[in-house]
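**Q** dropping the sequence and predicted coords here.
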Amino acid sequence: MSMNSTAIQQTPKSQINFEQVKKKQRMKNFSKGMLFLLPSIILFSVFLFYPLARTIYLSFFLTDAAGATTVFVGWENYVTMFTSPIFLQSMKSTFLFVLYTVPITIIISLFLAVIANEKLKGIGFFRTIYSSTMGISVAAASVFWLYLFHPSMGPLNLLLNAIGAEGIGWLTDTSWALFAIAITTIWMNIGFTFLILLGGLQSIDSSLYESADIDGAGYFYKLRRITIPMLSPTLFFVVTVTIINAFQTFGQIDILTQGGPVNSTNLVVYSIYREAFVNYKFGSASAQAVLLFIIILLMTFLQFKFGERKVHYQ
Amino acid sequence: MKKILAILMLGFVLFLAACGSDGNADEAAGSATAGAEGTSEGSGDNEKQVVTFWHSMGGAGQEALNAIVDSYNSSQDEVQVNAEYQGSYDEALTKFNSVAGTDSAPTIIQTFEIGTMSMINSGSILPIQELVDADGYDMSGLEENIINYYSLDGTFYSMPFNSSTPVMYYNKDAFEAAGLDPEAPPETFEEVEEASKAIVEANPDMKGFALQAYGWLYEQLLANQGALLLNNDNGRTDTPTEIGWTEEEGKSIFEWVERMVNDETFANYGTNGDNMVSGFLAGDVSMFLQSSASSRDVIDNAPFEVGIAFLPHPEEKERAGVVIGGASLWMIDGKPEAETNAAWDFMKYLQTPEIQAEWHVGTGYFAINPAAYDEQVAVDAHEEMPQLNVTVEQLQATTSSFATQGALMDMIPEGRKIMETALETVYNGGEVDDAYNTAVDQFNTAIEQANAARGE
Amino acid sequence: MTIPTGRKVIFYILLIISGFLVFAPTLMAFAMSFMSNKDIMTGSLPTSLSFDNYVRAFGQFPLLKYLLNSLIISLVIMLGQLILSSLAAYAFVFLEFKGRDLLFFVFIATMMVPFEASIIPNFHIIRDLGWIDTYPGLTVPFFAMAFGTFLLRQNFKQIPKELREASQIAGMGDFKFYLTVVLPVARTSLLTLGVYGFLTSWNMYLWPLLTTTNDNVRTVQIGLKQLQTQEQLNDWGVIMAGAVIVVIPTLILLFLGQSKLQKGLTEGALK
């Protein structure tokens, strides 16, 4: 990992290699590090680690409606989960959803960032427009799309009717619903991804382009050989965050489909919400949450292990 | 330049910090004044008792509700009711379960009918029966078919508030255009199919019938055949251990839908009732089942004449009637006696004929107190919109039995979702046998799990 | 550095088409918020435009108060996140200590905990702290932010190590270095993170709904939800008016932040 490469330097004063001094220095460094991290660590402990521990604990129990444990069942919640066709379907939908949303979001946003990176008159206006979806809350965006997808008065179906095609049951047809949720999510994510990628593009040293211009390099050559490699730290960041967000999609499903039709959009976080808020099965909801946590952790670990190697830091 | 920017940044940060502490100060001041209000109202000359009322009514329902609460607050000067929205019924219940027993708990909470068993099990409620007995309140004025739902083992638990039943809405103009008698709507499953075919034949752009994938409607279609949802008399004599309907009763609904899907007379709106209603208003479908609470909206917004009919039933079965749906008000236990009594006074106010008439006409929900239908506003409205009468007639024509009294168990919300999934499977061309059997298995498992979770 | 006219035209066409596609849903909502429900229902073009929907949205609950609450909460969260994230990111980039990498992964791991999944235990904590219906209950849980730490770490890593070595030789302490060198250099990232933090806090829904029981500290997103009904017909015009009210402040902020961001970014690029 690249961070190890930065660990070579030592403070010049402690060059005399006495174990004692080294140890002391290490202690000092450690406590200094902790001092900077303490506020975050305390808050994480209270509002993340403790609830997480509690979630793991709950996953071995059955609970009543108030969330109090009633019966210890060991691994049963996990066994039920892995044998339940509904949950397996939900896992499958979640992975499909990640596959639909992540690449498309990044491609569209990268395209927008590239065209908005030109020095043209009025470009600020377009940048604001492209980043606008970031300012639209999940609740508001879902309401917009709920109407767009409306079977009889929604603009999308009216458009289809106008060109003589049959209207689509966007949110009611099992083969379309997940796709419809993906469209909504991509739209909502574009603003943020665009902004980050644009920031990345702008921080690329312009002298690189100037020397390429002198060599007579074409537009797409520059895009491929300069822009993309220099953008890699930003891209890495954006991919990681988009994947995690995709796994945690919730609000748009709650408003658009409630997990239907036939559970086709019942993504994991929504399934957890349902188990806890509607079915009062905090035990099995917790088991699902633990599994989701492990999956995302694993994926991100792999990404750091293999992805960050390719990232080029200036 | 950089320095200026840095200074600007710092200024910005300081400004934010100021805002932040301002916010905290505001909040402290806010809670202080709130507290002061509370005490001054408690000990001041007008002695107002505050009642906190949690509800889940958004949109137009909230407007109607607020109007009633305001009218109560200004009708007397001893009690101040604060109506506070808490999100959907599910969200409100989850919140309530977490704060029950603390100071944050409300005096009254509105909960949907299928939350009844959870509320009884929660141990943090006060059965309304106790207040009725202590007060000598006369219950005979209230609609029996509604009260029945909220009673278990002779104890009346919660005060019905927004009550509704499903009815069939149909487009009278489309019926006429298809050569059907708009005054004789179909009564059985088979007649609905026939009418749907006629509609589609007359107008290929319009579908015949829509059934929202909604577990509540499935339960109602079962009850209308006299079938039970859960065994042990719908959970009213003992805790249910499995489903209460027979395969013939349960499957008839699926097969009915499948026949219409095959005839291409069925419109699929999935689980979204709002889309279905607007499809109806736009002339995309001629008949649908929906809560009577929508009647006012549908009639007002339709550019054609709307008919309302009884819920259909299979030809070979007698019509048994409908189960009450909607929500009721629960009294929370452990509050000071004065607060509970004030809340009880508010509940009684809600049941007066004048208020019930206003509520019924304004929303389409039933009047809990049938005397309300004799109020002038109600008489006028029924004259103007005779369809509203049909909803009342259907409720009053219901024969009282365990089937129409409705099922009670804490897993019903989960059961509804299971039936919705099964219905959607059929809408999307799935096999009835598969969908039905899977649903029954899942339903029984859910019952078992709920029983296991109670540790009994 | 001039762009040929032919390419300019192509870019403008691309920009305009994409701009329209991205902005169309928002534009539609804006138009609908002025239309009567009957026009919307029948799918016709607006026959009349009015502010009725806004009047009704404002009449239903104290929207202004909700807006103010949202503003306070979002600003406090944003500030808390900036301070905590930059401190943590500094430690991860510039300080060498045992277990640093492990700790960083633990931090990143917290990003994986879906908030909805741990919302009930979290709610119980707030309840036990007595923070229901208070600003701390709505803000403090969000101060520590793995995402922000991650973003700033990526940015701090691009600051030359020599800068720190030089400052250490000059006898500058870590905190002073953090305050006088790192923060000003990373100001664009801080601004980006600030805008992001503000927007996400502004847009929170489930948590504010759970931890508030009355209008005193409620936020606008809950107002938007209240406009939707459960058993009756949706009044699309009013809902869209509510959505527009909720969205306008964030769009303005984005518009302002955008131009500032632009200045900062270009300056940073020139170095």
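**A** Thanks, I have it. Quick caveat, the model's predicted, so the values are computed rather than measured. Numbers count the residues shown, from 1 in each chain, chains lettered A, B, ... in the order given.

**Q** my guess is A:L110 meets A:L197, correct?
**A** Yes: using C-beta atoms under 8 Å, A:L110 is in contact with A:L197, at 5.7 Å. In this view, the C-beta of every residue, glycine as well, is placed from N, C-alpha and C.

**Q** ok, whatever residue of the stretch 1-150 of chain C ends up closest to chain B - how many residues close by?
**A** Nearest to chain B in the stretch 1-150 of chain C, going by C-beta to the nearest C-beta, is C:I72, at a distance of 3.9 Å. Using other C-beta atoms under 10 Å in any protein chain shown, the number of residues around C:I72 comes to 22.

**Q** now swap in B:G123 and tell me
**A** Neighbour tally, B:G123, other C-beta under 10 Å: 11.

**Q** might you report the residue contacts of it?
**A** Neighbour list for B:G123: B:D333 [criterion: C-beta atoms under 8 Å, 6 or more residues apart in numbering or on different chains].

**Q** what of B:S56?
**A** Contact analysis of B:S56 by C-beta under 8 Å, 6+ apart lists B:85-89, B:91-92, B:110, B:112, B:327, C:230.

**Q** go on, B:W256?
**A** Counting by C-beta under 8 Å, 6+ apart, B:W256 makes contact with B:189, B:192-193, B:314.

**Q** how far away is it from B:L423?
**A** Distance check for B:W256 against B:L423: by C-beta to C-beta, to the nearest Å, it reads 11 Å.

**Q** can you tell me the element the residue of the stretch 1-150 of chain C closest to chain B falls in?
**A** C:I72 belongs to helix C:63-94 when elements are defined using DSSP states H and E.

**Q** can you give me the buried ones in that helix?
**A** By neighbour count on 16 or more other C-beta atoms under 10 Å in any protein chain shown, the buried set for helix C:63-94 is C:63, C:65-67, C:69-82, C:84-94.

**Q** gap between that helix and the chain center?
**A** Helix C:63-94 has its C-alpha centroid displaced from the chain centroid by 10 Å (C-alpha atoms, centre = their mean, to the nearest Å).

**Q** quick check, it touching chain A?
**A** Yes: Helix C:63-94 is in contact with chain A by C-beta under 8 Å from any C-beta of the partner chain, via C:83-85, C:87-88, C:90-91.

**Q** tally of neighbours for the closest residue to chain C within chain B?
**A** Nearest residue of chain B to chain C, counting by C-beta to the nearest C-beta: B:G59, 3.3 Å away. Neighbourhood size, B:G59 [other C-beta under 10 Å]: 20.

**Q** need the contact list for it.
**A** Counting by C-beta under 8 Å, 6+ apart, B:G59 has contacts C:226-229, C:232, C:234-235, C:238.

**Q** from A:G33, how far off is it?
**A** 53 Å.

**Q** now swap in A:V79 and tell me
**A** Going from A:V79 to A:G33 by C-beta to C-beta gives 42 Å.

**Q** shared neighbours of A:L110 and A:L197, anything?
**A** With C-beta under 8 Å, 6+ apart as the test, A:L110 and A:L197 both reach A:L235.

**Q** stretch C:189-200 vs chain A: in contact?
**A** Yes: Stretch C:189-200 reaches chain A (C-beta under 8 Å from any C-beta) through C:192, C:196, C:199.

**Q** give me the contact list for stretch B:99-111.
**A** Here stretch B:99-111 makes contact (C-beta under 8 Å, 6+ apart) with A:66, B:51-57, B:84, B:86, B:89, B:92-93, B:96, B:119, B:122, B:124, B:158, B:161-162, B:327-332, B:334-335, B:339-340, B:342-343, B:346-347, C:127, C:132-133, C:213.

**Q** quick one: end-to-end distance for that stretch.
**A** With C-alpha to C-alpha, to the nearest Å as the measure, stretch B:99-111 spans 15 Å from end to end.

**Q** what do you get for stretch A:110-122?
**A** Start and end residues of stretch A:110-122 are separated by 20 Å (C-alpha to C-alpha).

**Q** do it and chain C meet?
**A** Yes: counting by C-beta under 8 Å from any C-beta, chain C has neighbours in stretch A:110-122: A:111-112, A:115-116, A:118-120.

**Q** buried residues in that stretch?
**A** A:110, A:112-117, A:120.

**Q** again with stretch B:174-191
**A** Buried residues in stretch B:174-191, counted by 16+ other C-beta under 10 Å: B:174-175, B:177-178, B:180, B:182, B:185-189.

**Q** keep only those of these that are in helices.
**A** In this view, those that belong to helices under DSSP state H are B:174-175, B:177, B:189.
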